[in-house]
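>>> Curious how this folds, go ahead:
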Amino acid sequence: MVKATWNGAVIAESDDTVVVEGNHYFPRSAVDPAVLSTSATTTVCPWKGTAHYHSITVGGATNADAAWYYPEPKSAAAEIKDRIAFWRGVVVS
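Below you'll find the model as predicted:
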């Protein structure tokens, strides 16, 4: 079972993650929706497509743009469609 934790809380947990470039992409259903807030941030990866971001809020603290996902990935990255990955201090283990 792979877990993502931040600020003392488990924010995602699944035995069905997809690993791409060392990042675990969790099914959206495995991520606690209560900790996510939509961000206007986007970035572009040449082979995956346009990433969209969420900020994470736990215990009154917010980690801006700490989660990302590809709602419409390019065909080479189709397996991560609408899966969520984490960074910026989120521990995935």
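>>> Now the helix or strand where residue 56 lies: buried residues?
Secondary structure from DSSP states H and E places residue 56 in strand 49-58. By neighbour count on 16 or more other C-beta atoms under 10 Å, the buried set for strand 49-58 is 49, 51, 52, 53, 54, 55, 56, 57, 58. For every residue, glycine as well, the C-beta is placed using N, CA and C.
>>> That strand pairs with which strands, and in what direction?
Paired strands of strand 49-58, with direction, are strand 36-45 (antiparallel), strand 61-69 (antiparallel) (DSSP bridges).
>>> Could you pull out the buried residues of the last one?
For strand 61-69, a neighbour-count test (16+ other C-beta under 10 Å) marks 63, 65, 66, 67, 68, 69 as buried.
>>> my guess is the fourth one contacts residue 53, does it?
Yes - counting by C-beta atoms under 8 Å, residue 67 touches residue 53, with 6.6 Å between them.
>>> For the strand holding residue 56, give me every contacting residue.
The list of residues contacting strand 49-58 from outside it, by C-beta atoms under 8 Å, 6 or more residues apart in numbering, reads 6-9, 11, 35-39, 41-45, 62-74, 77, 84, 86, 90.
>>> Residue 73 versus residue 32, what's the distance?
To residue 73, residue 32 is 23 Å away according to C-beta to C-beta, to the nearest Å.
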